[in-house]
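Q: need coordinates for the below:
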Amino acid sequence: MIEIMSGFLMDHIRGLSIGRRTFGAGQHIFNQGDEVGSLYLVESGVVHLVRHQADGDLAVLQRASPGQVLAEASVFSSVYHCDAVAVTDVNTTPVPLQLIRGALRSNPDFAESWASYLSYQLQQTRKRAEIGSLKTVAARLESWLAWNDGVLPSKGEWKSLAEDIGVSPEALYRELSKRRSSFVQDRT
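A: Below is the predicted model:
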């Protein structure tokens, strides 16, 4: 994804911006039902797009981190269909929606880069949905590893991995511990 968002598309989005906006952890960037006025490029921090469920739980629809466009599917919507909440302190580059739409109509290179970015995001969403459909922590971890060349992230990123595969950090740690124990036993 870094390759997709770097270069032309990233530069073009920043060139259309109206400055920078910062949000503190817990602050809403926009709310469900608000008119779509801007798209936001996340420069630093993490933002979640969330929908409130009938049972009070939250469904996280997007976990936007640096280099990602927040709520990119809203480019052709009149209102946001979820809330955007800063998980950490966040710096964004807002871009007025009409400027994005204008660039899509008038700049074929921008339109192609945008389509490529959306295609990548769709692939990632399908991958997460497939992993999330698996029943056990072991199966989810195994699938995630298959998609990531069998390489675990560094220990400091395991909490994000747990979130990515839809399990609690504790459940992931137990599974990793089992695998480590099994690996040690297999070698003896």
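Q: burial count for the residue nearest to residue 165 when sequence neighbours are not counted?
A: In this structure, residue 165 finds its nearest non-sequential neighbour in residue 140, 4.3 Å apart by C-beta to C-beta, 6 or more residues apart in numbering. For glycine as for every other residue, the C-beta is placed from the backbone atoms N, C-alpha and C. Residue 140: 24 surrounding residues under other C-beta atoms under 10 Å.
Q: contacts only, for residue 140.
A: Residue 140 makes contacts with 131, 132, 134, 165, 166, 167, as judged by C-beta atoms under 8 Å, 6 or more residues apart in numbering.
Q: weed out the non-buried ones from these.
A: 131, 134, 165, 166, 167 (16 or more other C-beta atoms under 10 Å).
Q: let me have those residues in TSV, extended by pLDDT.
A: Converted to TSV, those look like this (pLDDT from 0 to 100):
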residue	pLDDT
131	89
134	90
165	86
166	82
167	87
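Q: residues near the closest residue to residue 35 other than its chain neighbours, how many?
A: In space, and not counting its chain neighbours, residue 35 is closest to residue 79: 5.8 Å by C-beta to C-beta, 6+ apart. Residues near residue 79, counting by other C-beta under 10 Å, number 12.
Q: one more: residue 11?
A: 10.
Q: alpha carbons of the host helix or strand of the residue nearest to residue 165, as CSV, please.
A: When elements are assigned from DSSP states H and E, residue 140 belongs to helix 137-147. The C-alpha coordinates for helix 137-147 follow below in CSV (Å, rounded to 0.1, in the frame of the first residue of the first chain):
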residue,chain,number,x,y,z
VAL,A,137,-7.6,-18.0,16.8
ALA,A,138,-5.2,-20.6,15.4
ALA,A,139,-7.0,-20.6,12.0
ARG,A,140,-7.1,-16.8,11.9
LEU,A,141,-3.5,-16.5,12.7
GLU,A,142,-2.5,-19.2,10.2
SER,A,143,-4.4,-17.4,7.5
TRP,A,144,-2.9,-14.0,8.4
LEU,A,145,0.6,-15.6,8.3
ALA,A,146,-0.2,-17.1,4.9
TRP,A,147,-1.1,-13.6,3.6
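Q: and that helix, what's buried?
A: Buried positions in helix 137-147, judged by neighbour count with 16+ other C-beta under 10 Å: 137, 140, 141, 143, 144.
Q: quick one: the next helix or strand after it to helix 137-147, angle?
A: Counting by DSSP H and E, the next helix or strand C-terminal to helix 137-147 is helix 158-165. Counting by axes from the mean of the first three to the mean of the last three C-alpha atoms, to 10 degrees, helix 158-165 points 100 degrees away from the direction of helix 137-147.
Q: helix 158-165 packs against which elements?
A: Secondary-structure packing of helix 158-165 (3 or more C-beta pairs under 8 Å, 6 or more residues apart in numbering; DSSP states H and E): helix 108-132, helix 137-147, helix 169-187.
Q: restricting to C-alpha, output it in CSV.
A: Presented in CSV, the C-alpha positions along helix 158-165 are these (Å, rounded to 0.1, in the frame of the first residue of the first chain):
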residue,chain,number,x,y,z
TRP,A,158,1.1,-7.9,18.3
LYS,A,159,-1.8,-5.9,19.7
SER,A,160,-2.4,-4.5,16.3
LEU,A,161,-2.2,-8.0,14.8
ALA,A,162,-4.8,-9.2,17.3
GLU,A,163,-7.1,-6.3,16.3
ASP,A,164,-6.5,-7.0,12.6
ILE,A,165,-7.6,-10.7,12.9
